[in-house]
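Undergrad: Let's see this in three dimensions:
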Amino acid sequence: MKRWAFGAAAGMIAVGGLTAGYRMYGRDTASAPAIIRHCGAATADQRIWVAGGRYQIGAAPRYREETGPQMVETSGFWIDRHEVTNAQFARFVAATGYRTIAEQTPDPAAYPDLDPAALVAGSAVFGVSAGQGYWWSFVPGASWQAPYGPGSSIEGQDDYPVVHIAYADAAAYAGWAGGELPTEAEWEIAARAGQAGAEFEWGDEFRPGGQWRANSWQGPFPAIDTGDDGFAGLAPIGCYEANELGLVDMTGNVWEWTASPFSADPATGTIRGGSYLCAPNFCARFRPAARQAQEWDFSASHIGFRTISRDPGPGEP
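TA: Numbering: from 1, shown residues only. Modelled structure (predicted):
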């Protein structure tokens, strides 16, 4: 499956242009809960140390692709405190001239079953389309700089996570930043922060003490997101309480690329953490044990990433 042939794994159904009735899927911060105090407060590059050792990952499987509890060993690594932001990615592009996959016209040789005229630069956007309600569309011209297509921009959104990122884009940034992408195991170890076997990153209650701990979807998906957690759509980084390691947004907001294949299928990688579109009635893959298959060359308005570094940690030579 390619980014030009959307499938059931991502809930996508259409290939083609933007319909006339499309509008941007917005956000509403007027009723932001009290837990949101420091949105965007940590936009500088910052990584947090995860000590090497033996860890339990996984939990009782909810979906068939989940592995269940298992023990893994890892060397220590540094991981970004938050998802890579628009400001960080913009610095990378300014320094290197990099163009993301979404900004490039696909090679017709890679898509022999499609009309070459349909192969245009763009990406998948979740929004409102005429006659469709909220759902996915392929939007020509959508990219990290124009997340909802031509006419949209990221102006004023430096501290939002960068989106419309394919695996190669994330890997290119990671290399430039002196790092790489985490494996699935490393990602989950960092997300759990010692909460072995817990249902959620922070424990077994979705809203401990009645507090929202992540940016997800409230309401019947995909009809309406009430924004009860403070956001209907993307949130800036760092709006919710950090985990025990000090990492923010490991749950929800945007899916995050890992370096691990999803299965023996060479076409699919793995994203973790869920996004603002995850809802209990549709997708509970915002749990740290959950996995999602994603085509390596696929980008969308809810896929971002964070990086790790294998530099020596505290007290290491």
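Undergrad: Surely Pro254 and Glu83 touch.
TA: No Pro there; residue 254 is Val. Yes - at 5.9 Å, Val254 counts as touching Glu83 under the criterion of C-beta atoms under 8 Å. Where you see a C-beta, it was placed from the backbone N, CA and C, and this is true even at glycine.
Undergrad: Between these two, tell me which one has more neighbours.
TA: Of the pair Val254 and Glu83, Val254 is the one with more neighbours under other C-beta atoms under 10 Å, namely 30 against 26.
Undergrad: Skipping its backbone neighbours, what lies nearest that one in space?
TA: Nearest residue to Val254, sequence neighbours excluded (C-beta to C-beta, 6 or more residues apart in numbering): Gly304, at 3.8 Å.
Undergrad: got a list of what that neighbour touches?
TA: The neighbours of Gly304, taking C-beta atoms under 8 Å, 6 or more residues apart in numbering as the test, are 83-84, 161-163, 165, 170, 253-257.
Undergrad: repeat for Ile165
TA: By C-beta under 8 Å, 6+ apart, the contact set of Ile165 is 89, 100, 144, 257, 299, 303-305.
Undergrad: Repeat the analysis, applying 6 Å as the threshold.
TA: Applying C-beta atoms under 6 Å, 6 or more residues apart in numbering to Ile165 gives the contacts 299, 303-305.
Undergrad: Trp78 contacts Arg47, doesn't it?
TA: Yes - here Trp78 reaches Arg47: they are 3.8 Å apart, a contact under C-beta atoms under 6 Å.
Undergrad: Show me whatever sits in contact with both of these two.
TA: Joint contacts of Trp78 and Arg47 (C-beta under 6 Å, 6+ apart) are Ser309.
Undergrad: returning to what we had before: got any residues that touch both of Val254 and Glu83?
TA: 161, 304.
Undergrad: burial count for Cys283?
TA: By other C-beta under 10 Å, 18 other residues sit near Cys283.
Undergrad: just His164 next, same as before
TA: Using other C-beta under 10 Å, His164 is surrounded by 26 other residues.
Undergrad: can you offset everything so residue one is 59?
TA: Yes, from this point I'll number from 59; that puts the last item at His222.
Undergrad: returning to what we had before: mind checking which of the contacts of Gly362 land in helices?
TA: In helices, defined here by DSSP state H, the members of the contacts of Gly362 are Ala228.
Undergrad: who wins for neighbours among the contacts of Gly362?
TA: When neighbours are counted by other C-beta under 10 Å, Asn311 leads these with 33 neighbours.
Undergrad: surely that residue meets Ala272?
TA: No - assessed by C-beta under 6 Å, Asn311 is found out of contact with Ala272, at 7.1 Å.
Undergrad: Point out where the chain drops to low pLDDT.
TA: Residues of the chain meeting the criterion pLDDT under 70: 59-96, 99-102, 186-191.
Undergrad: residue ranges of the helices in it, please?
TA: Going by DSSP H, the chain shows helices at 144-154, 225-234, 242-250.
Undergrad: Specify the beta-bridge partners of the most centrally placed residue in the chain.
TA: With distances taken as C-alpha atoms, centre = their mean, the chain has Trp313 as the residue nearest its mean C-alpha position (1.9 Å). Trp313 has the following beta-bridge partners by DSSP bridges: Ile361.
Undergrad: separation between it and Ile137?
TA: Distance, Trp313 to Ile137, by C-beta to C-beta, to the nearest Å: 16 Å.
Undergrad: cool, Ala300 as well?
TA: Ala300 is 12 Å from Ile137, where distance means C-beta to C-beta.
Undergrad: Looking at these two, which is more packed in?
TA: More crowded of Ala300 and Ile137, by other C-beta under 10 Å: Ile137, with 22 against 19.
Undergrad: Quick check: that one touching Ala249?
TA: No - if you go by C-beta under 6 Å, Ile137 and Ala249 don't touch, sitting 9.6 Å apart.
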